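Sharing a model that was predicted from the sequence below.
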Amino acid sequence: MSGYSFKKGERITSRKILSSLFTRGESVYVHPLRILYRVSSGDRYPAAFAVSVPKRLFRKAVDRNLLKRRIREAYRMRKPDFYSGLHAMGRQVQLVVLYQDQKKFDYFSIEDALRKGLEKLLQEISGVH
């Protein structure tokens, strides 16, 4: 099942790319997640991905890491459908998923929100170009 892997090349590690997403990126919101994105080109993978859970919402690193793991896992499971949608449009994106609630949601709530958010993102991208 190589479609469900999450390789290093699919992660956004560059501070330059992250800051440009925060300053010039567009966003999609599905409670409790906000997805910042930019249509890009020339990447090896259809999407580059990062997760952020603000310290001001969850002071304990244990809580932030738990939510980040849940978001990454939900993304990993939804990635094949998302990639096929991007491939059909011939698009590539960079995206950051931000957690935006003070309450810790369970995995299934996060997965549902991420699924809806990625569907909304695909609709917006197809409408952009």
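Yes, it's here.

Which residues lie in contact with the residue most central in space within the chain in this structure?
Within the chain, the residue whose C-alpha comes closest to the C-alpha centroid is V97; the distance, by CA atoms, centre = their mean, is 4.0 Å. With contacts defined as CB atoms under 8 Å, 6 or more residues apart in numbering, the neighbours of V97 are L33, R34, I35, F49, A50, V51, S52, I71, Y75, L114, G117. For the C-beta atoms, the positions are set from N, CA and C on the backbone; glycine is no exception.

where do the helices sit along the protein?
Defined through DSSP state H, the helices belonging to the chain, from first to last, are 15-24, 61-89, 107-128.

same for the shortest one, what does it pack against?
Packing contacts for helix 15-24, counted by 3 or more CB pairs under 8 Å, 6 or more residues apart in numbering; DSSP states H and E, involve strand 33-40, strand 92-99.

What average pLDDT does the first one get?
Across strand 33-40, pLDDT averages out at 94.

Now do that strand: everything it contacts.
Outside strand 33-40, the residues that reach it (CB under 8 Å, 6+ apart) are 20-22, 24-29, 48, 71, 91-100, 110, 113-114, 117-118, 121, 125, 128-129.

Next, the angle from it to helix 61-89.
With axes from the mean of the first three to the mean of the last three CA atoms, to 10 degrees defining the directions, strand 33-40 sits at 40 degrees from helix 61-89.

Would you mind putting the helices of the chain into JSON lines with mean neighbour count and distance to D43 alongside?
Putting the helices of the chain into JSON lines (neighbours: other CB atoms under 10 Å; distance: least, CB to CB, whole Å) gives the following:
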{"stretch": "helix 15-24", "mean neighbour count": "12", "distance to D43": "10"}
{"stretch": "helix 61-89", "mean neighbour count": "16", "distance to D43": "11"}
{"stretch": "helix 107-128", "mean neighbour count": "17", "distance to D43": "15"}
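
To K7, which of the ones you listed lies closest?
Each of the helices of the chain was checked against K7 via CB to CB, and the shortest separation belongs to helix 61-89, namely 10.5 Å.

quick one: the closest one to chain centroid distance?
6 Å (CA atoms, centre = their mean, to the nearest Å).

Quick check, V28 in contact with K116.
No - taking contact to mean CB atoms under 8 Å, the distance of 9.2 Å between V28 and K116 leaves them out of contact.
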